[in-house]
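Trainee: Okay, here's the prediction I keep looking at, along with the sequence it came from:
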Amino acid sequence: MSTVLASKEALAGKRSHPWLVAWTAGLVTTVLLYAFRDYWPWAWQYPREWNVPLRFWVSDFMSWLVNEFDLGLFTFKELTRSLSWLLHWPLAAAQSLLSAGFGIELSEDEMLRLPRLSWLGIVALAVILGHLARNWGLAALTGSCFLYLALFGQWDSAMVTLSSIIIAVPIGVTAGLLVGIWGFRSARVEAIITPVLDLMQTVPVFAYLVPVLFLFGFGPVAAMIATIIYATPPMVRCTMLSLKLVPTETVEFGRMAGCTRRQLLWRVQIPSARPTLMVGVNQVIMLSLNMVIIASMIGAGGLGFDVLSSLKRLQFGQGVEAGLAITLLAIALDRLSQAFANQPPPEHREQPTSWLKRHPHLGIALAVILVTTGLGVFVDALRSLPENLTLTTGPFWNDVVSWVNVNFFDELDAVKSWLLLNFLIPVKRFLLQLPWVAVTGLVALAGYQLGGWRLALVSASLALFIAVTGNWEKSMISIYLCGISVLFAAAIGIPIGIWAALNNRVHRVVQNIIDTLQTLPSFVYLIPVVMLFRVGDFSAMIAIVAYAVVPAIRYTDHGIRQVPPDLIEASRAMGCSRLQLLRRVQLPMAMPEIMLGINQTIMMALAMLVITALVGTRDLGQEVYIALTKADTGRGVVAGVCVAFIAIIADRLIGAWARKKKRELGLA
Amino acid sequence: MATTESISSADLSEQLTPENGSKISCRGVWKLFGDDAEGFLADYSGAPSTEAIQRAGLIGAVRDASFDVGDGEIFVIMGLSGSGKSTLVRCMSRLIEPTAGEVIFDNRNLLEASERELTEIRRHKMGMVFQHFALLPHLSVLGNVAFPLQVQGVERSKREARALEVIELVGLKGRERYYPRELSGGQQQRVGIARSLAVEPDIWLLDEPFSALDPLIRREMQDEFLRLQNMLHKTIVFITHDFDEAIRLADRIAIMKDGEIIQIGAPEALVLNPASDYVAEFTRDIPRAKVLTTGAIMEPLQNRESLRGRVSMHSKIAEVSEQVVAADGDVAVVDDDGNMVGRLSRDTVLAVLVGKSASS
Ligand SMILES: Nc1ncnc2c1ncn2[C@@H]1O[C@H](COP(=O)(O)OP(=O)(O)OP(=O)(O)O)[C@@H](O)[C@H]1O
Ligand SMILES: [Mg+2]
């Protein structure tokens, strides 16, 4: 935040005078409001009596929805029930296929038991898919990821997780595609969808779980519904974007060929939009995985459940193994879907006559699956890997943690305490003492300076919403945790980004690391943090920094690399040293991009913040988490929306600043 | 200059109407981009000035365009970038809905056709070629060329047989199974051409089909285009911003500027009688000898006895210059029946050859 304020004066240049006056006046008012807090207590801490009981209204509305709302032919409850019932079938089928096996009742006491797919067959399938999507390298990667799952005893849980994903992803992709097409075809629909998508993508994950839990109950189907809702928005966005990106001439060709509207869409526009659509599919897969893990809180089971329960029981070894399993599953799915997305357009080749020769991958895959699964009926080892063949690293990780704690406890604790006492707690106190009226006013002022009246109005009313719904204090704690984490993330990420921008070898290494970091579901970050630092604000901060540092690095690197080369040559010719070049040319030119990175960092920090409620913070995230455990929809939704509003305020202010700056630098 | 005085203005009067009956015509076609363009046009009773359009914040992409394209004619529309050529040709197929005017195709107003009729007309009677080829990346050459037949519901064996025919016609035999990205730019445009011919259209619209190609390939494609036209005799509207190309291909040329057609005529007429400096600017770097015919610059007959040799009045100067310059006197110009209609002096031809502007 302070960066924004400081640079604004520089930005305004000659006109900085009135702004300086305005900001001084604002700050003086803040101090005055604080000084006279005994006279006007209402301007300092938002009075409880003024709270609008929005959360009760929401809860009442939800109760009414579930208990009384009648749609004519059927009630709302019947609607949710039948939706659950409908979704239950494919999910059950996938789970039987991958993890439980089928049991078909033939008569009273006769059961036909069909085995699940053999683990060996699925590992082979992963290899075949890797080869089909790209090459043997990818095949080796995906194969070994799945082999890990089998060898380290994670197979059963991983298959539960995977079965949710293979059902959720097609549903999410189809739904996203259809909604996206609708938005593409109608400007009015698009105008409605876009802000809803904005909100959906800033509302923290937990906030989805609360109403879903309330409407659909506890269990895998509810978890899958939450997953689909959470993972669909990027597909909608990608669909609208990709259809808009289809070259005008291509569409004109389709119309000239005499396509009907439907032919045009399905035969011309959608195939031409494939590359961007596939990016959407990749995102749906990754978000589904992220959500399925978190949705273990409302009964998804699988790997997420393993991590959650081992964290609760402080069994780190198991936590690490399950976390690693999630990570490898994520990497395998990500690389596979990206490889399919980036496949070049087809090339001609001889058309062989036999079916097998035309579809070698499909043929081999079918054969391997059938053979291994069929043999599995007789050979137990093919159904599940025998216990004595699986490995475990659990005790090893437990030892590592013990060893670290025995040998470094004092050091770690000292760092933690020092930071808490000298930095975290004072900042938190300071923020909590700020008069809410003044903060709202300053937000409005920043909005006015950066984007005019509209932005001022929007930011101030969002801030007001937070106060009015009684979430001011918790929001301040969120802002404190998020702000400090972002500060650290920037302090770590920007230098790394600069280094990567200046050195190609570093660039490649860093790129690989952050690509991997970005595929990890947010949950995974909690495991090592809790192992080393136990619970509390400090642990939360570390997890947030680790999760949110990626965009700071990526955007800095990219921002510096995109500085026009002729500008750099000109500066060199004028005799700039490397350091001067960096300080006077590259960094200022990259600043807008870097700020966009910081913006992303803030968004990711807020997303993670809510998840760190699991390690005992006291902010909005905790509020949502408590609401989840109590199934208190109103409380959870309102707190979730408050998080979204903080995100939106930050996003709009920084976005406005970066656009302004980019225009000034002639980069846009 | 003396050479031009002899040309009566009637000979080169704006050839608004083609010789053999018109196939497609535009009557007062307007296209204004912007909000409520129709209301605006109505307010000005259909004829707003440039300033009025600008003041209203509209873009006058096509302004009051009227012309006829004859059966089997190559009608070239040319003008600088942004002059409205693409918009005009798209108005003719209603890819862009004109703001006002009529487009008459086979004696009926296209703008009154229903969506369904329009689809039928596009499916069977119109073919279009695009500047950036607009091939579908997921289909092979065969798939692309057969695509227009496929959307009509023609059965597979039939449409593929027809597609193979046109693929051979454009010289891509053997590449049917290739995908667009495996082909060079010139080859891709051959696919685009084949595709537009697959349905045997009556009218063929080409929007800068060769502009994205290298000059050498462009030349080759122009020859190819002329070869095809000699076989097929389509009615053609061809867009280009290259005057050389226009002259090589056109029967008649329409010149556009800021949305307006400022002159229509045979290449020769534009060179000799440019309607404005804008037109003259285009024609300036054109070697006159390649455009002008002997008939256009000949002088009246005076002394029949002194004439040495004879040339056809339809020959280009470049073709006969050697003969005229080598002759030791004026040369006779004859019409198709061999009647002498004028004479050509060495000085006149030399003046054209050294590039002195014939019109200034
Ligand atoms: N959809 C549109 N909305 C607004 N203005 C447009 C639109 N399409 C074209 N124009 C404007 O109409 C004018 C004519 O454009 P058009 O594309 O027809 O020109 P052109 O002669 O084909 O140019 P080029 O040689 O670059 O293809 C231009 O000023 C262009 O900016
Ligand atoms: Mg154009």
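Mentor: Yep, that arrived. Keep in mind it's a predicted model, so treat the numbers as computed, not measured. Ligands and ions are numbered 1, 2, ... in the order given.

Trainee: Assign the most centrally placed residue in chain B to one of the three secondary structure states.
Mentor: Geometric centre of chain B, nearest residue: B:V76, 1.5 Å, by Cα atoms, centre = their mean. The three-state label given to B:V76 by DSSP: H, G, I helix; E, B strand; the rest coil is strand.

Trainee: what about the residue nearest to it when sequence neighbours are not counted, distance to chain A?
Mentor: The shortest distance from B:V76 to any non-neighbouring residue, by Cβ to Cβ, 6 or more residues apart in numbering or on different chains, is to B:A250 (3.9 Å). C-beta here means a position set from N, CA and C on the backbone, and glycine is covered the same way. As defined by Cβ to the nearest Cβ, to the nearest Å, B:A250 lies at a distance of 23 Å from chain A.

Trainee: What count of nearby residues applies to B:A250?
Mentor: By other Cβ atoms under 10 Å in any protein chain shown, 23 other residues sit near B:A250.

Trainee: Isn't it up against B:I236?
Mentor: No. Checked against Cβ atoms under 8 Å, the pair B:A250 and B:I236 is beyond contact range at 9.4 Å.

Trainee: Need the residues touching each of those two.
Mentor: Common neighbours of B:A250 and B:I236, counting by Cβ atoms under 8 Å, 6 or more residues apart in numbering or on different chains, are B:I74, B:F75.

Trainee: Could you chop chain B up by domain?
Mentor: Using automatic domain parsing, the domain parsing of chain B gives B:9-125+B:201-286, B:289-353.

Trainee: For chain A, what's its nearest residue on chain B.
Mentor: Closest to chain A within chain B is B:R123: 3.2 Å, counting by Cβ to the nearest Cβ.

Trainee: got a list of what that residue touches?
Mentor: With Cβ under 8 Å, 6+ apart, B:R123 has these contacts: A:A257, A:G258, B:P148, B:V151, B:Q152, B:V199.

Trainee: nearest to ligand 1, of those residues?
Mentor: A:A257 (21.1 Å; Cβ to the nearest ligand atom).

Trainee: one step back: how about the contacts of B:R123 in TSV, adding neighbour count and distance to ligand 1?
Mentor: Formatted as TSV, the contacts of B:R123 follow (neighbours: other Cβ atoms under 10 Å in any protein chain shown; distance: Cβ to the nearest ligand atom, whole Å):
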residue	neighbour count	distance to ligand 1
A:A257	28	21
A:G258	22	22
B:P148	27	23
B:V151	19	25
B:Q152	17	29
B:V199	22	25
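
Trainee: would A:L120 count as being in a helix?
Mentor: Yes. Under three-state DSSP, A:L120 falls within a helix.

Trainee: Listing request: residues of chain A with sub-threshold pLDDT.
Mentor: Low-confidence segments of chain A (pLDDT under 70): A:1-16, A:111, A:350-352, A:382, A:667-668.

Trainee: Go ahead and flag the most central residue of it.
Mentor: With distances taken as Cα atoms, centre = their mean, the residue of chain A nearest its centroid is A:L287 (6.2 Å).

Trainee: Where does that residue fall, secondary structure wise?
Mentor: In the assignment (DSSP states H and E), A:L287 maps to helix A:274-294.

Trainee: Give me the helices and strands touching that helix, please.
Mentor: helix A:155-185, helix A:205-216, helix A:220-231, helix A:233-245, helix A:303-312, helix A:316-341 (3 or more Cβ pairs under 8 Å, 6 or more residues apart in numbering or on different chains; DSSP states H and E).

Trainee: quick one: the next helix or strand after the last one to chain centroid distance?
Mentor: Translated: helix A:316-341. Per DSSP H and E, the first helix or strand lying C-terminal to helix A:316-341 is helix A:355-358. Helix A:355-358 sits 41 Å away from the centroid of its parent chain (Cα atoms, centre = their mean, to the nearest Å).

Trainee: Then stretch A:456-469?
Mentor: Relative to the mean C-alpha coordinate of its chain, stretch A:456-469 is positioned 25 Å out (Cα atoms, centre = their mean).

Trainee: what does stretch B:128-146 give?
Mentor: With Cα atoms, centre = their mean, you get 23 Å for stretch B:128-146.

Trainee: how long is that stretch end to end?
Mentor: 14 Å (Cα to Cα, to the nearest Å).

Trainee: Please, which helix or strand holds B:A351?
Mentor: helix B:346-353.

Trainee: Spatially nearest residue to A:L149 (excluding sequence neighbours)?
Mentor: Closest to A:L149 by Cβ to Cβ, 6+ apart is A:A158, at 4.4 Å.

Trainee: Enumerate every residue touching the nearest residue to A:V377 once chain neighbours are set aside.
Mentor: If the residues on either side of it in the chain are set aside, A:V377 comes closest to A:P115, at 5.8 Å by Cβ to Cβ, 6+ apart. With contact taken as Cβ under 8 Å, 6+ apart, A:P115 is in contact with A:G101, A:T373, A:G376, A:V377, A:R383.

Trainee: and which of those residues is nearest to chain B?
Mentor: Nearest to chain B among the contacts of A:P115, counting by Cβ to the nearest Cβ, is A:T373 at 34.2 Å.

Trainee: Just give me the neighbour total for that closest one.
Mentor: 21.

Trainee: tell me the secondary structure for it?
Mentor: At A:T373 the chain is in helix, as set by three-state DSSP.

Trainee: State the distance from the residue in the stretch 251-400 of chain A positioned nearest to ligand 1 to B:V352.
Mentor: In the stretch 251-400 of chain A, no residue comes nearer to ligand 1 than A:E252, which is 11.8 Å away by Cβ to the nearest ligand atom. Using Cβ to Cβ, to the nearest Å, we find A:E252 at a distance of 42 Å from B:V352.

Trainee: For the two, indicate the residue with more neighbours.
Mentor: B:V352 (23 against 20).

Trainee: re the thing from before, turn the contacts of B:R123 into CSV, columns for secondary structure and distance to A:I648.
Mentor: What follows is these, written out as CSV (DSSP: H, G, I helix; E, B strand; the rest coil; distance: Cβ to Cβ, whole Å):
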residue, secondary structure, distance to A:I648
A:A257, coil, 44
A:G258, coil, 46
B:P148, helix, 48
B:V151, helix, 45
B:Q152, helix, 50
B:V199, coil, 52
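
Trainee: which two of the residues you listed lie the greatest distance from each other?
Mentor: B:V151 and B:V199 (10.1 Å; Cβ to Cβ).

Trainee: how about the strands in the chain?
Mentor: No chain was given, so I picked chain A. Under the criterion DSSP state E, chain A carries strands at the ranges A:102-105, A:111-114.

Trainee: try again with chain B
Mentor: Using DSSP E, strands in chain B cover B:22-33, B:59-70, B:74-79, B:100-105, B:108-109, B:126-129, B:203-207, B:235-240, B:252-257, B:260-265, B:310-312, B:331-334, B:340-344.
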